[in-house]
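In: Dropping a prediction and its sequence here:
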Amino acid sequence: MRSLLAVLVFLAWASDAQALELDGPVIQGALRVGTVEPGARVSVDNKSVRVNGQTGQFVFGVGRDRTKPIAIVVRTPGGMTEIRSFDVVRRDYDIERIDGLPRRKVSPNAADLERIRREGRLISAARALDSDLPHALADFVWPVTGRISGRYGNQRILNGEPRRPHLGVDIAAPQGTPVAASGTGIVSLAEDDLFFTGGTVAIDHGHGVTSIYSHLARIDVAVGQVVVAGEAIGTVGSTGRSTGPHLDWRINWFDLRLDPELIAGPMPDG
């Protein structure tokens with residue numbers, strides 16, 4: 001009994017110490033930056049996450065459909081432990097209808113399915129990176145400006161058939177419009193003809209955060225190249241499964257797809 005009481009008192013003290021700070025609310029689709037004492041160890045939902053050794057910052061994402069609270073455990077260099085639970089703010093999503101897609105792009109044949117699986121492994125490998133690059137801790141910018149033609153989380157109906165929700169932001173812009181990197185990082189994928197996404201670039205920003213740019217007409221970067229936020233990486237196109245020139249922009253935390261609008265803020269004018 002005494003040992004149990006000691007544990008409860010210890011945990012209460014650690015919680016009161018507030019060793020953990022977040023940069024905003026835990027909302028579906030968000031990328032949150034947390035700050036702890038440099039040298040602390042952090043786990044999010046029992047998954048150890050990378051902590052910047054100088055700033056004590058770490059990141060984690062919140063999935064589109066997450067409803068359960070997120071549990072974060074912080075173990076300080078001095079041996080103290082803080083356990084926190086954060087309720088998730090829920091969102092409402094709309095329905096988007098897209099017609100006029102080639103039938104094969106909606107219902108792929110057997111050969112296409114094998115290609116899709118092969119290409120999916122390439123993208124999954126890019127999303128699985130957990131480098132120590134610090135750029136995920138910095139602000140993100142919009143890669144192109146234009147009309148938002150598809151929003152994160154909205155249910156999609158393609159040629160009348162219900163499909164999975166859209167997990168990025170579609171930005172309509174003229175063919176050939178320059179597309180910029182939304183954050184500094186290293187190019188981890190550059191493919192000019194993927195089945196669904198056509199010309200596709202992925203950038204590793206560190207801490208499990210990647211950004212992906214799809215349907216590009218031209219790719220101007222190569223795997224391993226360092227790019228800075230705002231630097232041109234290609235041009236808007238309509239390659240892959242697309243009905244017109246636009247950029248499909250996505251941000252991921254490992255296998256969780258996040259909402260770029262929440263991360264970068266409102267689209268700038270012009």
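Out: That came through, no problem. Residues are numbered from 1 along each chain as shown.
In: For stretch 261-270, which residues meet the burial criterion?
Out: 261-264, 267 (16 or more other C-beta atoms under 10 Å). Using the backbone N, CA and C atoms, a C-beta is placed for each residue, glycine as well.
In: I'd like the domain boundaries of this structure, if you could list them.
Out: Here the domain parsing of the chain from automatic domain parsing is 2-86, 95-264.
In: winner for burial among those?
Out: Neighbour counts (mean count of other C-beta atoms under 10 Å) averaged over each of the domains of the chain peak at domain 95-264, with a mean of 18.
In: show me the contacts for Val89.
Out: Residues near Val89 by C-beta atoms under 8 Å, 6 or more residues apart in numbering: 25-28.
In: In TSV, list those along with distance to His246 and secondary structure.
Out: TSV is the format used below for the contacts of Val89 (distance: C-beta to C-beta, whole Å; DSSP: H, G, I helix; E, B strand; the rest coil):
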residue	distance to His246	secondary structure
Pro25	30	coil
Val26	30	coil
Ile27	26	strand
Gln28	24	coil
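In: Out of those, the closest to Arg75 would be?
Out: Comparing the contacts of Val89 against Arg75 with C-beta to C-beta places Val26 closest, at 20.5 Å.
In: quick one: average confidence on stretch 229-240?
Out: Averaging pLDDT along stretch 229-240 gives 97.
In: and it, C-alpha only, in CSV?
Out: Extracted in CSV, the C-alpha atoms of stretch 229-240 (Å, rounded to 0.1, in the frame of the first residue of the first chain):
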residue,chain,number,x,y,z
ALA,A,229,11.3,26.3,-48.1
GLY,A,230,10.0,28.2,-51.1
GLU,A,231,12.5,26.7,-53.5
ALA,A,232,11.0,25.4,-56.8
ILE,A,233,10.8,21.7,-57.1
GLY,A,234,8.6,21.3,-60.2
THR,A,235,5.5,22.6,-62.0
VAL,A,236,1.8,22.1,-61.8
GLY,A,237,0.3,19.4,-64.1
SER,A,238,-2.5,16.9,-64.5
THR,A,239,-0.6,13.6,-64.5
GLY,A,240,-1.9,10.4,-62.9
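In: Can you show me the helices along the stretch 1-150 of the chain?
Out: Assigned by DSSP state H, counting those that start in this stretch, the stretch 1-150 of the chain shows helices spanning 2-17, 103-106, 110-127.
In: just to revisit the earlier point, closest one of the buried residues of stretch 261-270 to Glu231?
Out: For the buried residues of stretch 261-270, the nearest to Glu231 is Ala264 (15.7 Å; C-beta to C-beta).
In: Just give the nearest non-adjacent residue to the closest one, would you?
Out: Phe140 (4.4 Å; C-beta to C-beta, 6 or more residues apart in numbering).
In: Tell me if I'm right that the one you found and Ala229 touch.
Out: Yes - counting by C-beta atoms under 8 Å, Ala229 is a contact partner of Phe140 at 7.3 Å.
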